[in-house]
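Asker: Sequence and predicted structure below; questions after.
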Amino acid sequence: MTPREIQELMDLKGWSRTQLAAALEMCETSIYRWMKRLQQPTGPASILMRQWLQEARDENAAGSRK
């Protein structure tokens, strides 16, 4: 995931870096590194964030159609 996608996820969910880190059961430093392009999210964290982002996009789109 790109930093832009991670930010979109946090915006759609209303999450801070701290909340995202808690949801992933990771340290906030990892989120910081992803946002600064020092590292790429991998493994389960990447899979979960992609799933959450798609779900949040779908929910946002459904809310917009109402």
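Answerer: Received the coordinates, thanks. Remember, it's a predicted structure, so these values are computed and weren't measured experimentally.

Asker: Could you list the buried residues of the strand or helix carrying residue 62?
Answerer: Assessed by DSSP states H and E, residue 62 sits inside helix 43-65. Neighbour counts over helix 43-65 (16 or more other CB atoms under 10 Å) mark 45, 49, 52-53, 56 as buried. Yep, even glycine has a C-beta here, placed from its N, CA and C like the rest.

Asker: which residues sit against that helix?
Answerer: Helix 43-65 is contacted from outside by 1, 5-6, 8-9, 12-13, 23-24, 26, 30, 40-41, using CB atoms under 8 Å, 6 or more residues apart in numbering.

Asker: so where is this protein shaky, pLDDT-wise?
Answerer: 66 (pLDDT under 70).

Asker: these two touch, right, residue 7 and residue 35?
Answerer: Yes - Residue 7 is in contact with residue 35 according to CB atoms under 8 Å; the separation is 7.3 Å.

Asker: which of those two has more neighbours?
Answerer: Between residue 7 and residue 35, counted using other CB atoms under 10 Å, the more crowded position is residue 35 (17 against 13).

Asker: For the strand or helix carrying residue 5, which helices and strands make contact with it?
Answerer: Taking DSSP H and E as the definition, residue 5 sits inside helix 3-13. On a contact count with 3 or more CB pairs under 8 Å, 6 or more residues apart in numbering; DSSP states H and E, helix 3-13 meets helix 17-24, helix 28-35, helix 43-65.

Asker: okay, how far is it across stretch 21-35, tip to tip?
Answerer: Stretch 21-35 has an end-to-end distance of 12 Å (CA to CA, to the nearest Å).

Asker: to the chain's geometric centre, what's the distance from that stretch?
Answerer: Centre-to-centre, stretch 21-35 and its host chain are 10 Å apart (CA atoms, centre = their mean, to the nearest Å).

Asker: so who does the nearest residue to residue 18 once chain neighbours are set aside touch?
Answerer: Nearest-residue entry for residue 18: residue 28, 5.5 Å, with adjacent residues in sequence omitted and distances by CB to CB, 6 or more residues apart in numbering. Neighbouring residues of residue 28 by CB under 8 Å, 6+ apart: 17-18, 21.
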